[in-house]
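Q: Quick one: sequence and predicted model below, then my questions.
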Amino acid sequence: MTAPTLELLPAVDVRDGQAVRLVHGVSGSETSYGSPLDAALAWQRSGAEWLHLVDLDAAFGTGDNRALVAEITRAMDIKVELSGGIRDDATLAAALATGCTRVNLGTAALETPEWAAKAIAEHGDRIAIGLDVRGTTLKGRGWTSEGGDLYETLARLDSEGCARYVVTDIGKDGTLTGPNLELLKNVCAATDRPVVASGGISSLDDLRALSELVPLGVEGAIVGKALYAKAFTLEEALKVVSA
Ligand SMILES: O=C(O)c1ccccc1NCC(=O)[C@H](O)[C@H](O)COP(=O)(O)O
């Protein structure tokens, strides 16, 4: 049997109808990269098997891009992970109805834990929990509110049957300074669930370093800024992780 390889999830973050990248997830720090549908289709053409699609307005509470995000998801032949502002029955039902493969819950897991536990129980593998951290403190509401201790929350979510975590070091996100490998190792040591790494990837060497964490539980990596800044191409990245 061949060893599992790191899954790559190119990111399309949508703000006000545009594909953007933020620095440290801070509202107002965005650089625009044009049509999010064009970006998503470009990643698909380049061989992506996954798309990580974020509605930043829904995450920040500055409106939403739900219709556009649904249109993009329906246009994809590849798996889509949807994130941003999914916090109640209506937004969860709408997100799942797009046909996405899974959704990320972030704020909801911190502010309405009973509701998040119910979503996990009902939808299993279609729910991932986004753990967005500074140090070991979780953040919600588009990374603006405090949400408790990472490891206490992880233990609670494990006991509720959470299938997978998407772990973002906010201090790294959008900075091209490399992923927080220590954080990822620590999270993998604290849970037996797969972990998707997010934030800070800057080079093919970063992808090689993350690939070495696959045996520890890192299943995938979200790549945003590095692709838009052309630090490497998605084709090069896919080649590195499949080697
Ligand atoms: O995912 C969210 O819900 C979210 C909410 C608020 C701010 C940012 C959010 N996501 C950002 C991402 O998922 C990035 O696309 C990803 O971390 C890639 O980061 P990078 O490779 O450093 O550009």
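A: Alright, I've got the coordinates.

Q: In the chain, which residue sits nearest the ligand?
A: residue 224 (2.6 Å; C-beta to the nearest ligand atom). (Glycine included, C-beta is placed from N, CA and C.)

Q: Look up how far residue 187 lies from that residue.
A: 20 Å (C-beta to C-beta, to the nearest Å).

Q: Show me the helices in the chain, by range?
A: 36-45, 56-60, 66-75, 89-97, 107-111, 113-123, 150-159, 181-190, 204-211, 225-228, 234-242 (DSSP state H).

Q: so who does residue 173 touch?
A: Residue 173 is in contact with 22-25, 198-200, 224, counting by C-beta atoms under 8 Å, 6 or more residues apart in numbering.

Q: hmm, 6 Å instead?
A: 24-25, 199 (C-beta atoms under 6 Å, 6 or more residues apart in numbering).

Q: filter those to the buried ones?
A: 25, 199 (16 or more other C-beta atoms under 10 Å).

Q: Give me the subset of the contacts of residue 173 that also touch the ligand.
A: Among the contacts of residue 173, the ones lying close to the ligand by the criterion of C-beta under 6 Å from any ligand atom are 25, 199.

Q: Sort the contacts of residue 173 by pLDDT and name the bottom one.
A: The member of those with the lowest pLDDT is residue 25, at 73.

Q: ok, now how distant is that one from residue 170?
A: For residue 25, the distance to residue 170 - C-beta to C-beta - is 5 Å.

Q: what does residue 193 give?
A: For residue 193, the distance to residue 170 - C-beta to C-beta - is 21 Å.

Q: returning to what we had before: so for the residue of the chain closest to the ligand, what's the pLDDT?
A: On the pLDDT scale, residue 224 gets 96.

Q: which residues touch it?
A: For residue 224, counting by C-beta under 6 Å, 6+ apart, the contacting residues are 11, 21.

Q: Spell out which parts of this structure neighbour the ligand.
A: 11, 13, 21, 25, 52, 54, 56, 59, 83-84, 106, 130, 142-143, 168, 173-174, 198-201, 222-226.
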